[in-house]
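In: Sharing a model prediction with you, sequence too.
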Amino acid sequence: MLNSREIVNELKKKVVGQDEYVRQLAILGYKHQLNQKLIAEEKTPLNNNLLVVGPTGSGKTFGAKQLAKIIDIPFFEVDCSNVVQNGYKGMNNVEHILKDAADKLKSDVLHSIIYLDEFDKIYDQALDVRGEGTAQQQNFLKMLEPNEVVFDRENSSRHTYAKSLSTAGITFIATGSFDFIRRKEQKKTQKMGFEKGKPEKEPITKEDIIKAGFIPELVGRFSTLINLNELNEDDYYRILIDSKESAYTQYRDFFNAVDVDLHIDDKVFEKIAHEAYEKKVGARGLDDVLNAYLENAVFDVSCDPGISEIDLCLKNGDIVSEYKHEIRETEMLTETERDESEETLVLERIRPIEEENEKVEKRMTLLEAIERHRKEVKEDE
């Protein structure tokens, strides 16, 4: 079982710019492992659910997935916005989520991490106006604490059939931007004559989430709430050069698979980080920018086996790709060696011709001998 420090060390190899999130994930990972032991001993596990608030592209999903890999546990991701809008007929949201998780993970679901993306979308003001908003949230209450939850049922005239599972060993990570909270605060303060609402850099609290419309019981199901910062340009640069899961690392390994080295100047890394940051789509923008600069190189490498190195460099402020080709053996020879090599090549080419000429001469000699013999025979007659 990995301890929290070991988990932190592994996470930091891949997750950049969110140190507090890394720390909380490490604690959650350790508690998850220990909870499995407590359950096996028929003891009550600790509440280990985490609520994460952060902007798009700040690394919420990436960090959680990396944790699951490090401690080697199943991971199931749910888009809560789709669950709320498209729940199965006759099934509430919790039944929908658990059925999908059980179908995919089978029995491993009992000790998995279920990742509830877009969790803030389960609160819908339109539903709340119709009196359905609270019901939507209450569906999640039983799932988020140790319970035996029915997730598949069938009623017929002959029998009633139901499947259930215990959520005691499942850790839930719920994430969302919760932008509507800041928008609500903004409108409220504007009506009161102030210019600004909740400052952008001020963390959102559980109290803020409850005031915005979430029921206290649901928010209380999460032992910890953490706010993630928006990544800055320096974070983007560090992701490129430090993370073992960065777009650069993936492209480098991709080209190495065909014996091609990828080199990128430091100034190019800085420009890529700047362009990705300007896109305002989070760290995933790094993939978009680097792909735009390397897609032609992928095509060229596939068509030219002679390319041995790709250099991304700056020319007049623009990022350009330059190729180096492998040095052939004849190009490494000295002038004397090259002359000898060329002479050998010529000899190798003319040797078959000489051998054929020798065969022809032998045939001619034989024919001449036969002809002389015929003449001698005729003369004797």
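Out: Yep, that arrived. Residues are numbered from 1 along each chain as shown.
In: From Asn227, how far out is the residue nearest to Leu144 when sequence neighbours are not counted?
Out: In this structure, Leu144 finds its nearest non-sequential neighbour in Arg221, 3.8 Å apart by Cβ to Cβ, 6 or more residues apart in numbering. For the C-beta atoms, the positions are set from N, CA and C on the backbone; glycine is no exception. Arg221 sits 18 Å away from Asn227, going by Cβ to Cβ, to the nearest Å.
In: re the thing from before, what about the residue nearest to Leu144, neighbour count?
Out: 17 (other Cβ atoms under 10 Å).
In: wait, is it part of a strand?
Out: No - under DSSP: H, G, I helix; E, B strand; the rest coil, Arg221 sits outside any strand and is assigned coil.
In: Surely it and Glu145 touch.
Out: Yes - the criterion here is Cβ atoms under 8 Å, and Arg221 meets it with Glu145 at 6.0 Å.
In: hey, what's in contact with both of these two?
Out: Asn47 (Cβ atoms under 8 Å, 6 or more residues apart in numbering).
In: Give me the neighbour count for Val15.
Out: 23.
In: contacts for stretch 279-293?
Out: By Cβ under 8 Å, 6+ apart, stretch 279-293 touches 55-59, 62, 231, 235-236, 239-240, 246-248, 251, 272-273, 275-277, 312, 319, 321.
In: Drop the exposed ones from those residues and show what's left.
Out: Buried members of these, counted by 16 or more other Cβ atoms under 10 Å: 55, 57-59, 62, 231, 235-236, 239-240, 246-248, 251, 272-273, 275-277, 312, 319.
In: Just after the lowest-mean-pLDDT helix or strand in the chain, pick out the following helix or strand.
Out: Using mean pLDDT, DSSP states H and E, the weakest-scoring helix or strand in the chain turns out to be helix 125-129, at a mean of 54. Counting by DSSP states H and E, the element after helix 125-129 in chain order, helix or strand, is helix 133-141.
In: and that next one, how far out from the chain's middle?
Out: 32 Å (Cα atoms, centre = their mean, to the nearest Å).
In: Stretch 172-185 too?
Out: On Cα atoms, centre = their mean, the centre of stretch 172-185 falls 24 Å from that of its chain.
In: now that stretch: mean pLDDT?
Out: The pLDDT scores in stretch 172-185 average 85.
In: Just the buried residues of it, please?
Out: Quick answer for stretch 172-185 (16+ other Cβ under 10 Å): 172-178, 180-182, 184-185.
In: Keep only those of those residues that are in strands.
Out: 172-176 (DSSP state E).
In: now, which of these sits nearest Ile27?
Out: Ile173 (12.3 Å; Cβ to Cβ).
In: part of a strand, is Val150?
Out: Yes - when three-state DSSP is applied, Val150 is found to be in a strand.
In: I'd assumed Ser164 was in contact with it.
Out: Yes - taking contacts as Cβ under 8 Å, Val150 lies within contact range of Ser164: 4.5 Å.
In: Can you give me the distance of the residue nearest to Asn147 when sequence neighbours are not counted to Phe75?
Out: Distances taken as Cβ to Cβ, 6+ apart put Thr167 closest to Asn147, at 5.5 Å, once the chain neighbours are dropped. According to Cβ to Cβ, Thr167 and Phe75 sit 16 Å apart.
In: Comparing these two, which shows the higher neighbour count?
Out: Thr167 (22 against 16).
In: my guess is that one meets Glu145, correct?
Out: Yes - Thr167 is within contact range of Glu145, at 7.4 Å (criterion: Cβ under 8 Å).
In: quick check, nearest of the buried residues of stretch 172-185 to Leu28?
Out: Nearest to Leu28 among the buried residues of stretch 172-185, with distances taken as Cβ to Cβ, is Ile173, at 7.4 Å.
In: Now intersect the contacts of stretch 279-293 with the strands, please.
Out: 312, 319, 321.
In: State the distance from the last one to Ser166.
Out: It refers to Ser321. With Cβ to Cβ as the criterion, Ser321 and Ser166 are 55 Å apart.
In: what's the answer for the second one, then?
Out: Counting by Cβ to Cβ, the separation of Ile319 from Ser166 is 54 Å.
In: Can you lay out the ones in strands among the buried residues of stretch 172-185 as TSV showing distance to Thr134?
Out: Shown next, in TSV, are those (distance: Cβ to Cβ, whole Å):
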residue	distance to Thr134
Phe172	20
Ile173	23
Ala174	17
Thr175	22
Gly176	18
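In: what are the bridge partners for the closest residue to Lys324 other than its chain neighbours, then?
Out: Spatially, and ignoring its direct neighbours in sequence, Lys324 is nearest to Glu309 (3.9 Å; Cβ to Cβ, 6+ apart). Beta bridges link Glu309 to Asp261, Lys324 when assigned by DSSP bridges.
In: Distance check, Glu309 against Gln137.
Out: 57 Å.
In: neighbour count winner among these two?
Out: Gln137 (21 against 15).
In: Just list the residues touching the more buried one, thanks.
Out: By Cβ under 8 Å, 6+ apart, the neighbours of Gln137 are 122-123, 214-215, 218.
In: And the residue lying closest to His263 once chain neighbours are set aside, what's its pLDDT?
Out: Distances taken as Cβ to Cβ, 6+ apart place Asp311 nearest to His263, at 4.9 Å, with adjacent residues excluded. Note on Asp311: pLDDT of 95.
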